[in-house]
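[1] I would like the atomic coordinates for the input below:
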Amino acid sequence: MAAAEGTLLLLTVLIPLQVSILFGVLHAQQEYLNNRQLNCSNSDSITRGFACNATSDQPSCQSYLTFRSADPSYANLATIAYLLNSDAVLMTTLNNLTDVQAIPAGTPIIVPANCSCFGELYQHNATYILKAVGETYYSIAYYTYQGLSTCQALQDQNLYKATNLTVGESVLVPLRCACPTSAQSGEAIRYLLTYLVASGDTLSGIAELFGVTLQSVLDANRLTIDSVIYPLNPILVPLTKEPTKIILPATPSPPPSSATSPATTGSSSSKKWIFIGVGIGLAVVLIIAAAAFCYRTRKGRKMEEQVLPASAPPPKKASEPSATEDHSALLKDSSSWSGSGFREAIHSLTIYKYEELQRATGSFAEGNKIRGSVYRGSFKGDTAAVKVVRGDVSGEINILKLINHMNIVRLSGFCLYEGNSYLVYEYAENGSLSDWLHGEDPQATLSWKQRIQIAYNIADAINYLHNYVNPPYIHKNLKSSNVLLDADFKAKVSNFGLARSVDGEDGGGLQLTRHVIGTQGYMAPEYIEDGVITKKMDIFAFGVVMLELLSGREAARGQSKDREELLSTAISRVLEGDNVRDKLRGFMDVSMRNEYPLDLAFSTAGVARRCVEYDMNSRPSMEEVLMALTKIFSSSTDWDPSSNELSP
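    Numbering: from 1, shown residues only. All right, here's what the predicted structure looks like:
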């Protein structure tokens with residue numbers, strides 16, 4: 001009898017417990033991060049992403065993210081969409097904004113995301129190009145992406161070591177998203193929104209912001225009413241319908257201050273002075289600690305400076321000159337360079353001897369000439385390009401030594417000898433873009449996909465110069481002969497001899513010059529007529545290069561300078577009036593043999609036409625151009641040549 005009663009008692013405890021566990025599994029979607037992701041060495045499933053169970057839940061779905069606008073890089077929908085690999089057009093509808101409208105910093109933006117299972121985790125993938133020295137997986141996850149990813153997820157899905165990130169490399173960024181469980185779908189939940197928690201947010205406030213119940217938010221994140229939430233720890237918000245523009249509640253005004261301070265008792269007064277005394281004491285302790293830390297740090301640096309030279313380098317052979325001797329020899333040949341320019345230029349670059357360049361190029365043999373004064377050289381088995389330049393090139397060197405982008409040609413070293421400068425660049429196996437578009441070899445032709453990839457690469461490089469280099473730079477000499485192609489036909493922008501930095505705090509300063517120099521067909525009208533230098537002159541030149549890619553024609557052609565036809569003006573006749581599709585077919589490069597998607601060609605021509613507008617204020621920014629080309633490039637990647645759409 002006692003045994004039976006014990007069994008019954010056990011069942012009365014276990015059955016509710018099992019039901020409770022089952023109920024929790026059915027209703028709880030994901031586990032809350034709870035700051036575990038902030039330690040990058042702490043890697044478990046929840047720090048890498050939300051769990052995906054493709055057998056019972058949806059393997060992919062429409063989801064939503066939030067992101068807060070940030071000046072200056074992510075201050076409109078176009079740039080935010082590009083960062084998060086989203087659709088700017090959908091974002092304009094969801095947020096009731098235009099794609100280029102300036103958004104106040106800190107404004108929450110709704111971002112549509114395609115959420116899919118990748119192995120055991122849900123994620124929406126974005127790609128980020130490293131733009132600054134010192135960026136880490138931690139800074140990318142928590143500063144750039146505001147906590148939508150984690151350093152653990154980045155480390156897990158990228159080959160680059162956390163300590164070896166290089167400017168210009170592409171990093172896969174898995175963004176946290178999730179799909180509703182079958183239980184949630186049964187409760188009419190259609191979407192899950194990844195909400196970025198801000199300082200001061202509460203669970204009830206988040207629920208109210210999106211018009212959902214507090215319990216649904218708690219269940220979706222396995223939280224209780226007493227749970228504490230933190231910034232950089234996204235919350236999943238279950239939605240029964242598509243979200244709309246987020247309107248934050250108005251901040252209540254502070255209460256009016258009293259005209260007179262209330263009288264205090266002796267007890268409260270003494271307590272006040274105790275608190276003040278404790279505060280002063282803590283402040284003094286902190287100041288002393290900070291001073292001690294600075295002293296130890298400076299002392300340590302001095303000790304390092306004193307100790308390092310004690311480890312003498314191995315003795316050199318008598319015939320081997322030292323680095324100091326190399327620099328001394330260079331100084332003799334650098335009389336045309338400014339002292340500061342020279343000192344900046346030699347930092348972090350290889351200094352070649354003239355004899356090394358002679359051996360590498362076969363004494364600058366005609367057979368090694370690539371074009372003009374550029375020669376092919378072999379350095380210990382590695383091929384490089386050696387460019388011979390007369391005069392001061394410290395400006396170009398100082399720009400290139402600061403830049404490390406996959407679509408900008410890399411400078412590895414230089415030499416000064418008898419008044420000439422010798423610049424050693426990475427070698428581009430497929431030569432210049434102009435050779436492929438305007439060369440005499442009929443077999444040298446580029447496919448549609450290659451052309452769009454090249455346009456996208458150039459736009460990425462110029463966008464980097466305009467918006468991510470400090471200070472920003474204008475290339476000022478962009479043309480197809482200054483675009484090089486590597487073995488995979490990826491573009492690399494070269495020749496920075498005319499480049500100059502942009503004045504103004506926002507990098508948009510206007511400059512004037514009386515010395516107008518450039519190549520006919522690529523120079524913007526305001527530059528030719530008034531010597532106006534802005535970023536928009538690069539936009540104009542890029543538009544001309546895009547038209548070259550579409551048509552295969554040169555930027556300017558004709559019998560004489562007075563009768564030249566410019567591509568920048570020809571495109572208007574193509575896209576205006578009747579029979580636009582037929583005129584566009586006639587404009588396209590015949591070497592493609594009609595193997596291109598006409599609709600995408602029309603979109604590309606439209607972007608190019610905006611770039612070559614006569615009025616510089618009517619031209620788009622390079623960020624806008626890059627965003628448009630991202631979509632065209634993505635669609636071109638999926639395009640099947642066997643099903644091209646050339647019929648009207």
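
[2] helix, strand, or coil at residue 453?
    helix (DSSP: H, G, I helix; E, B strand; the rest coil).

[3] which residues touch the residue most central in space within the chain?
    Computing the C-alpha centroid of the chain and ranking residues by C-alpha atoms, centre = their mean puts residue 129 first, at 4.2 Å. Contact criterion C-beta atoms under 8 Å, 6 or more residues apart in numbering gives 168, 169, 170, 171, 405, 406, 460, 464 as the residues in contact with residue 129. The way it works is simple: take the backbone N, C-alpha and C, and place the C-beta from them, glycine included.

[4] show me what residue 511 is bridged to.
    With DSSP bridges applied, residue 511 shows beta-bridge pairing to residue 533.

[5] residue 130 contacts residue 164, doesn't it?
    No. Contact between residue 130 and residue 164 fails when scored by C-beta atoms under 8 Å: they sit 11.1 Å apart.

[6] ok, these two, which is more surrounded?
    Ranked by neighbour count (other C-beta atoms under 10 Å), residue 130 and residue 164 place residue 130 first, with 21 against 7.

[7] the more buried one and residue 379: what is the separation?
    Distance, residue 130 to residue 379, by C-beta to C-beta, to the nearest Å: 27 Å.

[8] ditto for residue 465
    Taking C-beta to C-beta as the measure, residue 465 and residue 379 are separated by 28 Å.

[9] between these two, tell me which one has more neighbours.
    Taking residue 465 and residue 379 together and counting by other C-beta under 10 Å, residue 465 has the greater number of neighbours (24 against 19).

[10] roughly how far does that one sit from residue 475?
    6 Å.

[11] which neighbours do the two share?
    499, 538.

[12] tell me how far the longest strand seen in the chain lies from the chain's centre.
    When the chain is parsed with DSSP state E, its longest strand is strand 108-118. For strand 108-118, the distance between its averaged C-alpha position and the chain's averaged C-alpha position is 18 Å (C-alpha atoms, centre = their mean, to the nearest Å).

[13] for that strand, buried residues please.
    Along strand 108-118, these residues count as buried under the neighbour rule (16 or more other C-beta atoms under 10 Å): 108, 109, 110, 111, 112, 113, 115, 116, 117.

[14] partners of the third one in the sheet?
    Note on residue 110: beta-bridge partners residue 66, judged by DSSP bridges.

[15] so who does it touch?
    Residues in contact with residue 110 (C-beta under 8 Å, 6+ apart) are 64, 65, 66, 91, 94, 95, 193, 243, 244, 245, 246.

[16] show me which of the residues you listed are buried.
    64, 65, 66, 91, 94, 95, 193, 243, 246.

[17] among those, which one sits closest to residue 638?
    For residue 638, the closest of the buried ones among the contacts of residue 110 turns out to be residue 91, at 21.4 Å, with distances computed as C-beta to C-beta.

[18] neighbouring contacts of the helix or strand containing that closest one?
    Residue 91 is part of helix 88-95, with elements assigned from DSSP states H and E. When contacts are taken as C-beta under 8 Å, 6+ apart, the neighbours of helix 88-95 outside the stretch itself are 77-78, 80-82, 97-99, 109-112, 242-245, 627.

[19] residue 496 and residue 401 touch, don't they?
    No. With the criterion set as C-beta under 8 Å, residue 496 and residue 401 do not qualify as a contacting pair; they are 10.8 Å apart.

[20] so which of the two has more stuff around it?
    A count of neighbours by other C-beta under 10 Å puts residue 496 above the other of residue 496 and residue 401, at 24 against 17.

[21] ok, the more buried one - contacts?
    For residue 496, the residues meeting the contact criterion (C-beta under 8 Å, 6+ apart) are 396, 399, 400, 473, 475, 477.

[22] let's have those in TSV, adding distance to residue 450 and secondary structure.
    Output for these, formatted as TSV (distance: C-beta to C-beta, whole Å; DSSP: H, G, I helix; E, B strand; the rest coil):
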residue	distance to residue 450	secondary structure
396	28	helix
399	28	helix
400	26	helix
473	27	strand
475	22	coil
477	23	coil
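
[23] JSON lines for the contacts of residue 129, including distance to residue 437 and neighbour count?
    Shown next, in JSON lines, are those (distance: C-beta to C-beta, whole Å; neighbours: other C-beta atoms under 10 Å):
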{"residue": "168", "distance to residue 437": "25", "neighbour count": "17"}
{"residue": "169", "distance to residue 437": "29", "neighbour count": "17"}
{"residue": "170", "distance to residue 437": "27", "neighbour count": "13"}
{"residue": "171", "distance to residue 437": "32", "neighbour count": "19"}
{"residue": "405", "distance to residue 437": "23", "neighbour count": "23"}
{"residue": "406", "distance to residue 437": "22", "neighbour count": "20"}
{"residue": "460", "distance to residue 437": "20", "neighbour count": "22"}
{"residue": "464", "distance to residue 437": "24", "neighbour count": "25"}
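
[24] among those, name the ones in helices.
    Counting by DSSP state H, the members of the contacts of residue 129 that fall within helices are 460, 464.

[25] buried sites along stretch 65-74?
    Across stretch 65-74, burial judged by 16+ other C-beta under 10 Å covers 65, 66, 67, 69, 70, 74.

[26] farthest pair within these?
    Checking the buried residues of stretch 65-74 against each other with C-beta to C-beta, the farthest-apart pair comes out as 65 and 70, at 14.7 Å.

[27] helix/strand/coil for residue 415?
    When the structure is reduced to helix, strand and coil (three-state DSSP), residue 415 reads as strand.

[28] residue 350 is in contact with that one, correct?
    No. Because the distance of 9.3 Å does not satisfy C-beta under 8 Å, residue 415 is recorded as not touching residue 350.

[29] of those two, give the one with the bigger neighbour count.
    Higher neighbour count among residue 415 and residue 350: residue 415, with 23 against 13, using other C-beta under 10 Å.

[30] the more buried one bridge partners, please.
    Using DSSP bridges, the bridge partners assigned to residue 415 are residue 422.

[31] list the contacts of it.
    Taking C-beta under 8 Å, 6+ apart as the criterion, residue 415 is in contact with 351, 352, 353, 354, 356, 357, 421, 422, 424.

[32] now, these that are in helices?
    For these, secondary structure assignment (DSSP H) places 354, 356, 357 in helices.

[33] and the second one, how far from residue 447?
    Shown here: residue 356 relative to residue 447, a distance of 39 Å by C-beta to C-beta.

[34] one more: the first one?
    Note on residue 354: its distance to residue 447, by C-beta to C-beta, is 42 Å.

[35] repeat for the last one
    According to C-beta to C-beta, residue 357 and residue 447 sit 37 Å apart.

[36] of those two, who's got more company?
    Neighbour totals were compared for residue 357 and residue 447, and residue 357 leads with 23 against 15 (other C-beta under 10 Å).

[37] how about residue 174, secondary structure?
    In the three-state summary, residue 174 is assigned as strand, counting by three-state DSSP.

[38] so what's it up against?
    Listed by C-beta under 8 Å, 6+ apart, the contact set of residue 174 reads 48, 49, 118, 121, 123, 124, 125, 149, 153, 154, 157.

[39] so which of those residues belong to strands?
    Using DSSP E, these in strands are 118, 121, 123, 124, 125.
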